[in-house]
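1. let me see the structure of the following:
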Amino acid sequence: MYVSIEMKASLEMIKPGLIRRLMYLKNILTALFDIEKSMNKPDPQHSHTQKQINYVTDGELLIFIGDSKFRLNKGDMFMFPSEVPHTVQPLTSNVRIIDSFRPIREDFLKMNDFRYLPIINH
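-> Residues are numbered from 1 along each chain as shown. Modelled structure (predicted):
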């Protein structure tokens, strides 16, 4: 069994109301996003080459994919294909989403200072 224990949280405040934590391997990056309702309107849509799978762990939100809009709740999963414009908007005071990207988002890594304890092999 391999375990990686975080020494210092890879915590990053993207902007007020949006916090991100990251962990990654060679071919996949997982991000935990905490979004506050103070973000009362969605950011402009964006797209990227990575495929993205998302899981809502807390709260309710709207996701916008191109011209479509969907309401999601705790326990829902969704995905964004490569190069498809998308964004989210929180509907409750706090929303938490776990996102996984493949391949990894190199642009996310450049913004963080990662420090981990060594991997423990049992």
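2. distance of the residue lying closest to Asn73 once chain neighbours are set aside relative to Ile53?
-> Among residues not flanking Asn73 along the chain, Glu60 sits closest, at 5.0 Å (C-beta to C-beta, 6 or more residues apart in numbering). Using the backbone N, CA and C atoms, a C-beta is placed for each residue, glycine as well. As judged by C-beta to C-beta, to the nearest Å, Glu60 and Ile53 stand 19 Å apart.
3. who's in contact with the residue lying closest to Ile104 once chain neighbours are set aside?
-> Leaving aside its chain neighbours, Ile104 sits nearest to Leu29 (3.9 Å; criterion: C-beta to C-beta, 6+ apart). Residues in contact with Leu29 (C-beta atoms under 8 Å, 6 or more residues apart in numbering) are 22-23, 100-102, 104-105, 108-109.
4. beta partners of Leu29?
-> Tyr24, Phe101 (DSSP bridges).
5. and Ile98, what element?
-> If you go by DSSP states H and E, Ile98 is part of strand 94-102.
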